[in-house]
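> just coords:
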């Protein structure tokens, strides 16, 4: 079974600084996607960034980038120039073909002004 | 339209009530999902519908009854719930079950069972 582990229940960052959220996963499959979802107080799950396992290049979306280490099964999220609106619960997730999305336990990010 | 719409946003019900949660999408997605999320926990899959047929049931109690009347709608019928069923219920959709791209999520229904 696939498992997703987020070892940081809470993280804090100063506004305009950079923070990295950690995620590791366990799988025996070769074709899969990895995701970072953001859940602000409104509770809506918002996709932040996604990475295809077959792509070696790390995905980037504006201030958000990932460090994907396939051999180490690691998928960390870097948020640059943190903004107050980045404060939320962040979930790392894994999905393979014909399977449902598996989520990590989440990391609560606080952004200090 | 790239939204998944869930109604109601909030619901309070007694243990003897019957209520329904509704989910709608008009993106032409053929896979739709119900997730349950307890406070400070990740979402947990309940049901998956693929082409209007139940594809996955994660051993959910029978007091939760899903229904997919057409490709755009997904309902969750609730009957004789327990207080521990209080949670955020999230609906999601994707192009199809074999599509391992992202899920689109609704804003959820916050359910309180008294």
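In hand now; what should we look at? From a predicted model like this one, the values you see are computed outputs, not experimental measurements.
> Please pull out the lowest mean pLDDT helix or strand from the chain.
You didn't say which chain, so I picked chain A. strand A:102-103 (a mean of 90; mean pLDDT, DSSP states H and E).
> You answered for a different chain; I wanted chain B.
strand B:53-57 (a mean of 88).
> Please tell me how far that strand is from the chain's geometric centre.
12 Å (Cα atoms, centre = their mean, to the nearest Å).
> Quick check: next helix or strand after that strand?
strand B:64-70 (DSSP states H and E).
> That following strand and chain A in contact?
No - Strand B:64-70 does not reach chain A (Cβ under 8 Å from any Cβ of the partner chain); its nearest approach is 14.3 Å. Quick note: C-beta positions are derived from backbone N, CA and C, even for glycine.
> In the sheet, which strands lie alongside that strand, parallel or antiparallel?
Note on strand B:64-70: by DSSP bridges, its sheet partners are strand B:73-79 (antiparallel).
> For the strand it pairs with, which residues meet the burial criterion?
The neighbour-count check on strand B:73-79 (16 or more other Cβ atoms under 10 Å in any protein chain shown) flags B:74, B:75, B:76, B:78 as buried.
> quick check: angle from the helix or strand following that strand to strand B:73-79?
Downstream of strand B:73-79, the first helix or strand assigned by DSSP H and E is strand B:87-94. Going by axes from the mean of the first three to the mean of the last three Cα atoms, to 10 degrees, strand B:87-94 is angled at 160 degrees with respect to strand B:73-79.
> partners of strand B:87-94, with directions?
Strands flanking strand B:87-94 in the sheet, each with its direction: strand B:31-37 (antiparallel), strand B:104-105 (antiparallel), strand B:109-113 (antiparallel) (DSSP bridges).
> other SSEs contacting the least confident helix or strand of chain A?
Under the contact criterion of 3 or more Cβ pairs under 8 Å, 6 or more residues apart in numbering or on different chains; DSSP states H and E, strand A:102-103 touches strand A:3-5, strand A:88-96.
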